[in-house]
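Trainee: Could you look at this predicted model? Sequence included:
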Amino acid sequence: MHYTVRVLDVEMGRNLMLDLQRRGVSFDVGYCAEGMDWELDWSLSGPLTGDDIIEELSQCGITFDITMRMEEE
């Protein structure tokens, strides 16, 4: 499963992203007028899954939108 997570609160999202990086998690990130996009796909590496990261966003009270796609082979 491929998730594109649009984090609407950039400051809170950046803080969580830095915390995740300190814990060895990395993924592609882009910025847009609405916030920042976290690409939780093949670029995701480290000890957490996309589902784990989405759960952390929720637990931190960070507002986000999510798009799910099936991975292309």
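Mentor: That came through, no problem. Please read all numbers here as calculations on a predicted model, not as lab measurements.

Trainee: For the rest of this, base every contact and every neighbour count on C-alpha atoms.
Mentor: OK.

Trainee: where are the low-confidence patches of the protein?
Mentor: By pLDDT under 70, the weakly predicted segments of the chain are 71-73.

Trainee: could you pull out the strands for it?
Mentor: For the chain, strands defined by DSSP state E occupy the ranges 2-7, 28-32, 35-40, 64-69.

Trainee: what's the closest of these to Leu18?
Mentor: Checking the strands of the chain against Leu18 by CA to CA gives strand 28-32 as the closest, at 11.8 Å.

Trainee: on that earlier part again, could the strands of the chain be laid out in a markdown table, adding mean neighbour count and distance to Glu55?
Mentor: Shown next, in a markdown table, are the strands of the chain (neighbours: other CA atoms under 10 Å; distance: least, CA to CA, whole Å):
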| stretch | mean neighbour count | distance to Glu55 |
| --- | --- | --- |
| strand 2-7 | 20 | 12 |
| strand 28-32 | 12 | 18 |
| strand 35-40 | 21 | 13 |
| strand 64-69 | 12 | 11 |
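
Trainee: Which positions in the top helix by length along the chain come out as buried?
Mentor: Among the elements of the chain assigned as helix by DSSP state H, the one spanning the most residues is helix 10-22. When burial is assessed from 16 or more other CA atoms under 10 Å, helix 10-22 yields the following buried residues: Val10, Gly13, Leu16, Met17, Leu20.
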